[in-house]
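Peer 1: Coordinates for the following, if possible.
(one chain, ligands or ions: 1)
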Amino acid sequence: MLDPKELRRVMGAFATGVTVVTTLDAAGKDCGLTANAVSSVSLTPPLLLVCVDKTSESHDAFRQSGVFAVNILSTEQEALSQCFAKSDTDKFAGVAVERTATGVALFPGSLASLDCRVVAAHDAGDHTIYVGSVETATTQAGEPLLYFGGRYARIKGS
Ligand SMILES: Cc1cc2nc3c(=O)[nH]c(=O)nc-3n(C[C@H](O)[C@H](O)[C@H](O)COP(=O)(O)O)c2cc1C
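Peer 2: Modelled structure (predicted):
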């Protein structure tokens with residue numbers, strides 16, 4: 001079987017954007033994680049997916065709350081990405097947030113924000129693929145934060 005570290009290294013050749021996906025736990029508390037395994041799935045109906053590690057603290061919250069938001073990060077938000085890539089910390093301490101209609105945290109300054117309702121959860125190895133129906137989606141100008149070869153990157157010149 002392919003070594004997981006090798007698969008991660010090879011998939012690092014696939015340059016992606018970086019998101020923080022936010023949701024609410026069973027007590028209604030904010031939680032979320034940095035994620036680049038995010039993809040558009042369907043335009044009609046509007047669907048996207050995020051793959052969440054089953055060992056992630058936020059994993060069950062997607063199913064419990066049934067809602068999540070995808071914050072597509074700009075180059076100005078690398079610190080936010082680093083913060084949400086750690087478990088066992090108060091990630092939201094001192095972080096300014098706005099709220100979706102369903103109460104999920106959104107980060108002002110994100111390049112795009114998509115407010116989703118969970119419509120399916122597919123078991124996929126050590127991850128769950130959460131499919132969200134996109135209820136609202138907004139964008140604003142800025143430069144994207146990228147991830148490539150296990151490092152943050154920027155479009156040359158930005
Ligand atoms: C650039 C980047 C992309 C990541 N993408 C994902 C992802 O798509 N899915 C995932 O489950 N974890 C991903 N992670 C790891 C999580 O952010 C990390 O495990 C985090 O600590 C989970 O937080 P939690 O345990 O509080 O839920 C990524 C980390 C980085 C730095």
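Peer 1: The residue nearest in space to the middle of the chain: what's it in contact with?
Peer 2: Nearest to the geometric centre of the chain sits residue 21, at 3.0 Å (C-alpha atoms, centre = their mean). With contact taken as C-beta atoms under 8 Å, 6 or more residues apart in numbering, residue 21 is in contact with 32-33, 35, 38, 50, 52, 58, 68-71. The C-beta positions use only the backbone N, C-alpha and C, and glycine is treated the same way.
Peer 1: need the residues of this structure near the ligand, please.
Peer 2: 18, 33-37, 51-53, 56-58, 85-87, 147 (C-beta under 6 Å from any ligand atom).
Peer 1: Among these, give me the pair with the biggest separation.
Peer 2: 57 and 147 (20.9 Å; C-beta to C-beta).
Peer 1: which one of those two has more residues nearby?
Peer 2: residue 147 (18 against 15; other C-beta atoms under 10 Å).
Peer 1: and the more buried one, which of the three is it?
Peer 2: strand (DSSP: H, G, I helix; E, B strand; the rest coil).
Peer 1: looking at it, it is touching residue 16, isn't it?
Peer 2: Yes - if you go by C-beta atoms under 8 Å, residue 147 and residue 16 touch, sitting 5.3 Å apart.
Peer 1: returning to that earlier point: looking at the residues of the chain next to the ligand, which are in strands?
Peer 2: 33-35, 51-53, 147 (DSSP state E).
Peer 1: Next, format the residues you listed as CSV and append pLDDT.
Peer 2: Below are those laid out as CSV (pLDDT from 0 to 100):
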residue, pLDDT
33, 98
34, 98
35, 98
51, 98
52, 98
53, 98
147, 98
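Peer 1: Just the buried ones from those residues, in ChimeraX syntax?
Peer 2: The following ChimeraX line selects those of these that are buried, judged by 16 or more other C-beta atoms under 10 Å:
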select :33,34,35,51,52,147
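Peer 1: Pretty sure residue 143 sits against residue 77.
Peer 2: No - using C-beta under 8 Å, residue 143 makes no contact with residue 77, being 10.5 Å away.
Peer 1: the more surrounded of these two?
Peer 2: For residue 143 versus residue 77, the count of surrounding residues by other C-beta under 10 Å is larger for residue 77: 22 against 13.
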